[in-house]
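Undergrad: Quick one: sequence plus predicted model below, questions after.
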Amino acid sequence: MASFERPEILKTGKAAFGVYVHWPFCLSKCPYCDFNSHVRHAPIDEARFVSAFTREIETSAERAPGREVTSIFLGGGTPSLMQPQTVGAILDAIGKHWRVAGDVEVTLEANPTSVEATRFRGYRAAGVNRVSLGVQALDDASLKALGRLHSAREALDAVAIARQSFDRYSFDLIYARPDQTPQMWADELKLAISEAAEHLSLYQLTIEEGTPFFGLHAAGKLKTPDEAVARALYDVTQDVCAAQGLPSYEISNHARPGAECKHNLVYWRGEEYAGIGPGAHGRLDIDGERHAIATEKRPEAWLMRVETNGHGFITDDVLNSEERADEFLLMGLRLAEGIDPNRYAALSGRTLDPGRIAVLREEGAIIVDADGRLRVTQAGFPVLDAVVADLAA
């Protein structure tokens with residue numbers, strides 16, 4: 001079974017600070033996707049967007065000055081539809097308004113349909129040092145069913161191009177797809193691991209309200225694996241990845257030791273991050289208070305807001321101690337390393353209920369380490385929401 005002992009990624013003394021930049025455009029909208037992504041048939045005015053990104057970065061840096069950026073993540077949408085010079089200009093703006101760590105991790109999400117060797121070399125020259133590819137499946141029938149525009153061969157070719165340009169790369173796969181069996185998934189996963197140098201993100205297909213898949217599923221035209229098969233697919237994911245040297249460090253993410261995504265750890269460990277671009281979210285500590293910030297989702301409306309106000313913020317809420325603690329619990333228990341209950345107590349002003357902890361330990365859902373860290377077990381991860389709700393009650 002997969003081991004969740006990952007002491008090598010426990011938090012060091014250095015504070016992490018991330019910057020997330022959202023590029024909201026895609027070539028097409030996948031039927032399972034509920035992310036803030038938009039299809040535009042006219043060319044995108046990248047220069048205008050760069051100006052707006054730069055302005056929102058400046059405003060965010062004025063509110064949270066003196067930070068050292070340890071990670072940058074260009075997500076979407078499909079950021080690999082941007083020209084390399086656009087990416088370079090955004091990174092330059094971040095470097096102008098905040099200090100940037102010498103070992104900063106700069107990740108760009110890419111789709112196999114938008115991967116070209118020359119473009120990837122351009123991203124590398126612009127400052128990107130890690131890419132995350134949206135492969136999603138390694139067989140053509142599944143890719144077609146998922147609404148993807150690339151073939152399995154194109155996906156593997158894209159991974160090869162990434163390997164030529166970047167020392168660090170990752171790709172995503174979706175499992176619990178219609179008609180998928182545990183053996184089929186195990187075979188696909190082994191192929192994926194043979195192509196993935198250090199990191200895989202493996203997501204169970206979820207049917208999200210408002211997507212085309214939601215309507216098909218409700219009408220009985222899209223059948224996903226039942227609960228027992230879905231659990232078997234999850235167990236295969238853990239066992240195959242652990243056996244191949246990519247154990248889980250977060251509920252959906254697997255890496256060789258030391259190759260974890262630094263940026264995503266910022267979210268899960270409850271650190272600060274700035275959210276830039278349409279529909280981005282941020283968590284900033286301002287005057288001793290944690291602010292939860294979200295920007296306008298519609299790209300053109302976001303542009304106008306930034307050009308008028310210097311930012312596209314539509315919500316800027318101060319989290320109270322209970323909200324901060326609940327968020328810390330919800331995010332931190334996704335990690336194999338778990339949480340320090342003392343930090344929860346410091347945030348919330350109360351300790352976790354020892355009685356609830358005892359019951360969850362007895363049920364095999366959590367364990368408590370010798371140093372007091374509380375971690376969810378492999379048996380507990382499939383029911384993580386219930387574990388979190390029980391502890392937070």
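TA: Nice, I can see it.

Undergrad: what's the spacing between residue 240 and residue 247?
TA: To residue 247, residue 240 is 11 Å away according to CB to CB, to the nearest Å. For the C-beta atoms, the positions are set from N, CA and C on the backbone; glycine is no exception.

Undergrad: Quick check on these two: which one has the bigger neighbour count.
TA: When residue 240 and residue 247 are compared on other CB atoms under 10 Å, the one with more neighbours turns out to be residue 240, at 22 against 19.

Undergrad: For the more buried one, give me its contacts.
TA: Counting by CB atoms under 8 Å, 6 or more residues apart in numbering, residue 240 touches 186, 189-190, 193.

Undergrad: Helix or strand: which one has it?
TA: Under the criterion of DSSP states H and E, residue 240 resides in helix 227-243.

Undergrad: so how far is that helix off the chain centroid?
TA: Centroid separation between helix 227-243 and its chain, computed with CA atoms, centre = their mean, to the nearest Å, is 20 Å.

Undergrad: buried set for that helix?
TA: Residues of helix 227-243 classed as buried by neighbour count (16 or more other CB atoms under 10 Å): 230, 232-238, 240-242.

Undergrad: Against which helices or strands is the very next helix or strand once past that helix packed?
TA: Using DSSP H and E, the helix or strand that follows helix 227-243 in sequence is strand 248-250. Other helices and strands packing on strand 248-250, by 3 or more CB pairs under 8 Å, 6 or more residues apart in numbering; DSSP states H and E, are helix 227-243.

Undergrad: what mean pLDDT would you report for the helix it packs on?
TA: The pLDDT scores in helix 227-243 average 92.

Undergrad: Likewise for stretch 201-219?
TA: Across stretch 201-219, pLDDT averages out at 71.

Undergrad: now stretch 45-53, how far from the chain's geometric center?
TA: Mean-position distance between stretch 45-53 and its chain equals 24 Å (CA atoms, centre = their mean).

Undergrad: In PDB, list the C-alpha atoms belonging to that stretch.
TA: Taking C-alpha atoms only, stretch 45-53 is exported to PDB below (Å, rounded to 0.1, in the frame of the first residue of the first chain):
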ATOM      1  CA  ASP A  45      -5.300  41.400 -27.600                       C
ATOM      2  CA  GLU A  46      -2.400  40.100 -25.700                       C
ATOM      3  CA  ALA A  47      -0.700  43.500 -25.300                       C
ATOM      4  CA  ARG A  48      -3.800  44.900 -23.600                       C
ATOM      5  CA  PHE A  49      -4.000  41.900 -21.300                       C
ATOM      6  CA  VAL A  50      -0.300  42.300 -20.400                       C
ATOM      7  CA  SER A  51      -0.900  45.900 -19.400                       C
ATOM      8  CA  ALA A  52      -3.800  44.800 -17.200                       C
ATOM      9  CA  PHE A  53      -1.900  41.900 -15.600                       C
END
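
Undergrad: Give the residue spans of the stretch 51-200 of the chain that score low on pLDDT.
TA: In the predicted model of the stretch 51-200 of the chain, residues 114, 117 satisfy pLDDT under 70.

Undergrad: can you do 90?
TA: Across the stretch 51-200 of the chain, the ranges flagged by pLDDT under 90 are 76-78, 111-119, 134, 136, 139-150, 154-155, 158, 176-180, 195-197.

Undergrad: and the residue nearest the centre of the chain, what does it touch?
TA: Taking CA atoms, centre = their mean, the centroid of the chain lies closest to residue 264, which sits 5.6 Å from it. Residue 264 makes contact with 73, 250, 253, according to CB under 8 Å, 6+ apart.

Undergrad: Can you tell me the SS state at it?
TA: Assigned with DSSP: H, G, I helix; E, B strand; the rest coil, residue 264 falls in the helix class.

Undergrad: mind checking pLDDT for it?
TA: Reported pLDDT at residue 264 in the predicted model: 96.

Undergrad: Over to the one 5 residues further on?
TA: Per-residue pLDDT puts residue 269 at 96.

Undergrad: Neighbours of it, how many?
TA: The local packing of residue 269 (other CB under 10 Å) involves 18 other residues.

Undergrad: isn't it right next to residue 332, touching?
TA: Yes - shown here, residue 269 and residue 332 form a contact pair, counting by CB atoms under 8 Å, at 6.6 Å.
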